[in-house]
Each structure stands twice: as structure tokens, then as C-alpha cells.
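J.: sequence and predicted structure, then a few things I'm wondering about:
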Amino acid sequence: MMKKLLLFGIAFGALFSCTSVKQEANVTKSGLDARNFCTKVDGKQTGLFVLTNKNGMEVCLTNFGARIVSVMVPDKDGQMRDVVLGFDSIQDYLTYPTDFGASIGRYANRIKDGRFVLDGEEIQLPQNNFGHCLHGGFKGWQYKVYDAQVIDSSAVAMTIFSPDGDENFPGNVTAKVLFRLGDDNFIDISYEAETDKKTIINMTNHSYFNLSGDASQSITDHILYLNADAFTPVDSTFMTTGEIRPVAGTPMDFTTAKTVAKDMNLADEQVKNGNGYDHNWVLNTRGDKSQVAARLMSPVSGITLEVYTDEPGIQVYSGNFLDGSVKGKKGIAYQQRAAICLETQHYPDSPNKKDWPGVELAPGQKYESHCVYKFSLMP
């Protein structure tokens, strides 16, 4: 039976109330102080939630944007390292609007010109990125407070109600993100959503990974494998063109593992258009969650991350727009290429590309999506 979390009460690892953590420090393995996450945003209580497993792995979450704040995993020497970017407090998330670790909705990635047609009606969304709608608009779900339900020490569910007309998306939508930390050092993320009016849904997690555990260092030495023979090219505004192009013979070919940097500086139109890698790959897995979709490895720490999903695509973003202007956890300035994102998803602008996998959700249907981030060590 799931235990409902009273947001005025339990807010730290299902052990402490926000009232109690305000009185004394409750510091996580990653160095987060729970007191810095106990506040109210838009009248709703926020908190810090700590998941642990039998191996000592720790995942810290906040219900502001249903975000992963820190992930502590062992390196090749048995030392625990935090392998994601984030902030030390809710105030920093408010001061520096970013997607660090967030659950993205209603629609992850871009919709061309912020417009799409649904049952003959043209819907205009916010245009918050090069004239397009990105990640749900100016106030997507990553900037809203979810209701949290603690299940046990290794699992928490976060739910959001998005009213009809939220950022001009149609339909009253209730969505849930279930985070579970497995004893085999994996983070299992399940998404669900229902609506009372036809709408579109495409959710993902936007964690920024640096597997070295040192966010002051670049991820260009990370070794990346993608189980994808094709990708969706973009124009100079990062919008998909509608083409599905083979990766063979291009810098987009990660079917044989290579460093992120290896082909990033080639004179290639797609690398130039993406300012690095900011593209959707068409996965060969065809919804089979037993097949690895992506694998990322740090030669420094030996930490390996494998991604499994039932989604048809994965967006790889190589931290192109990080520029050192934002300081994250422990005061580290996040420079360009300080992290890489592996976002499982339907393809960008699918509502306007009718031959691509559909993203419509109708009343009586349930949207479901599944992603697993599994950590291990390089052989």
C-alpha cells in the first residue's frame, strides 16, 4: 500500500519533517542539506527525498519539477561519486531556471513554431526557444511542484495535475512519475498520464550526467555507444527537418563506441546546427526494454551508465549551452560540455510529423513510458 506523503510532514528520506529539518542539519551523502529544500513555491511545499539501496547508493530528489538532484554511485576504487548536475537549494533552482534532473512535460523537446493541429483545430503554444515550443513552454512541468508519495526507502511517486489550457495545451491531465532505486544500482523511472480531452504527451527525464564525478571537468572524454542506425537531422534552429537519416559515415555514428569528442569538431552541418550534439537518435530497440539503448562510460572513474527504454528515440545533448555562468552543487561553475543528457522520448515535433510514432492521448487511454538508468563499472 502506497503511503501518501503529507508535504507539511515527511520531506527527507521519509524520516524527517520539514519542521524538524529546519531546526538541524540533515546532510546527505552528496552533501545536500535538507533544510535548503524545505520551502514553498506557488503555495505548495517542497522537500528533499532520499532513496537508498543495500549497496549504499543514494539518489536525492525534489518534488520541485520532480527532479533528480544527486546520484551517488561507487567508482572503480569504491569511492562514492555524485554523477549528475544540480543545485544545493530550491532557491537556486528558482534563481537559475534550468532543466537539471527534471521530469519534462507536457511535451519534451521541440514543437515547430509552437503550433500543431489536433482534430482540425490549430493550437498555438508558447514560443520559448528559437521560435519553437521547448519542453512544455515557459512554465513547463519542470518549474512546478509535484505532490509526492513515499512508498519506501527506495521508491517515491510524484504526481502533477495540469489543467486544461496549461501553457495552452488542451485537456485536464494528471501525470505521475515513479522513481525506484534498485539493489542492482539502477534508477527505474515510470511515467503515466491520463486526460479528459484529447491532447499530446511526451515525458522524459533531463538529468545531466558527468560520470567522472567531477563537474568541473568536461565529458568529452566519455565513451558513448548508441544502439541506433539513424537519427533525425535538425536545422539551424534545432528543429527536426522531417528526415530520418542513416548515421553511417557521419559524426552521428555511435554504433561503435567512441569518445564524445572524437567527431564533434568535424566540418559537418549537423554538428554545426546542433552546436555539438543536440539530436534525436532513432533507436534500433523498437520498444524492447531488455536491449541497451545507450551506454556511457567514464575512463576516469570507471563508472558506466546503461539506458533502457520502451521509447522509440533518445535525445543526446552534450551540454552545448552551459557557459560557466551558473554555479551548481559545491559552488562548481558548469562550463560547456560539463555534462551530457540522455533523454528517452518520442521524436521532436512528432505532432507535425504524421508518419512518426504518435503522441496523442485521448480520454480513456493511459500514457505510459519507461526508462532505466543502470550504473556499473567498466570491465
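T.: That came through fine.
J.: what residues are up against residue 228?
T.: For residue 228, the contact set (C-beta atoms under 8 Å, 6 or more residues apart in numbering) comprises 247, 254, 255, 281, 282, 283, 284, 293, 314. For glycine as for every other residue, the C-beta is placed from the backbone atoms N, C-alpha and C.
J.: skip the chain neighbours and tell me the closest residue to it.
T.: Closest residue to residue 228 apart from its sequence neighbours, by C-beta to C-beta, 6 or more residues apart in numbering: residue 281 at 3.8 Å.
J.: residue 246 too?
T.: Nearest to residue 246 is residue 230, by C-beta to C-beta, 6+ apart, at 5.4 Å.
J.: repeat that for residue 126.
T.: Nearest to residue 126 is residue 137, by C-beta to C-beta, 6+ apart, at 3.7 Å.
J.: ok, residue 254 next?
T.: residue 226 (3.9 Å).
J.: ok, now which ones touch the one you found?
T.: 254, 255, 281, 293, 294, 314, 316.
J.: what of residue 105?
T.: So residue 105 contacts 136, 140, 141, 142, 160, 162, 175, 193, 201, 202, 203 (C-beta under 8 Å, 6+ apart).
J.: check what pLDDT residue 26 gets.
T.: With respect to pLDDT, residue 26 scores 83.
J.: likewise for residue 378?
T.: 87.
J.: what sits against it?
T.: With C-beta under 8 Å, 6+ apart, residue 378 has these contacts: 76, 297, 299, 302, 303, 304.
J.: quick check: the first one touching residue 302?
T.: It stands for residue 76. Yes - Residue 76 is in contact with residue 302 according to C-beta atoms under 8 Å; the separation is 3.1 Å.
J.: of the contacts of residue 378 - the most surrounded one?
T.: residue 303 (26 neighbours; other C-beta atoms under 10 Å).
J.: ranges for the helices of the stretch 251-379 of the chain?
T.: Ranges of helices within the stretch 251-379 of the chain are 269-274, based on DSSP state H, counting those that start in this stretch.
J.: tell me where it has strands.
T.: For the stretch 251-379 of the chain, strands defined by DSSP state E, counting those that start in this stretch occupy the ranges 258-259, 278-283, 294-297, 303-309, 313-317, 340-345, 360-361, 367-377.
J.: list the neighbouring strands of the fourth one plus their orientation.
T.: Spelled out, that is strand 303-309. Strand 303-309 has the following strand partners under DSSP bridges: strand 294-297 (antiparallel), strand 367-377 (antiparallel).
J.: average pLDDT across that strand?
T.: Strand 303-309 comes out at a mean pLDDT of 98.
J.: can you start the count at 650 instead of 1 from here on
T.: Yes, from this point I'll number from 650; that puts the last item at strand 952-958.
J.: tilt between that strand and strand 927-932?
T.: With axes from the mean of the first three to the mean of the last three C-alpha atoms, to 10 degrees as the basis, strand 952-958 and strand 927-932 are set at 60 degrees to each other.
J.: what's the angle from strand 952-958 to strand 962-966?
T.: Going by the same axes, to 10 degrees, strand 952-958 makes 140 degrees with strand 962-966.
J.: returning to that earlier point: quickly list what the residue nearest to residue 877 is bridged to.
T.: residue 880, residue 963.
J.: is it true that residue 843 touches residue 821?
T.: No - look at residue 843 against residue 821 with C-beta under 8 Å: they stay out of range, at 9.2 Å.
J.: sorry, back to before: out of the strands of the stretch 900-1028 of the chain, which is closest to residue 751?
T.: Among the strands of the stretch 900-1028 of the chain, the nearest to residue 751 by C-beta to C-beta is strand 989-994 (10.4 Å).
J.: which residues touch the closest one?
T.: 753, 757-758, 851, 853-859, 868, 871, 873, 909, 926, 929, 942-943, 945, 954, 956, 958, 960, 962-968, 1018, 1020, 1022.
J.: any chance of the contacts of residue 875 in CSV, plus pLDDT and neighbour count?
T.: As requested, the contacts of residue 875 are arranged in CSV below (pLDDT from 0 to 100; neighbours: other C-beta atoms under 10 Å):
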residue, pLDDT, neighbour count
903, 98, 23
904, 98, 14
930, 98, 25
942, 98, 26
943, 98, 23
963, 98, 26
965, 98, 24
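J.: between those, which sits nearest residue 704?
T.: residue 943 (22.6 Å).
J.: name the nearest residue to residue 976, sequence neighbours excluded.
T.: Using C-beta to C-beta, 6+ apart, the nearest residue to residue 976 is residue 982, at 5.1 Å.
J.: how far away is that neighbour from residue 863?
T.: 13 Å (C-beta to C-beta, to the nearest Å).
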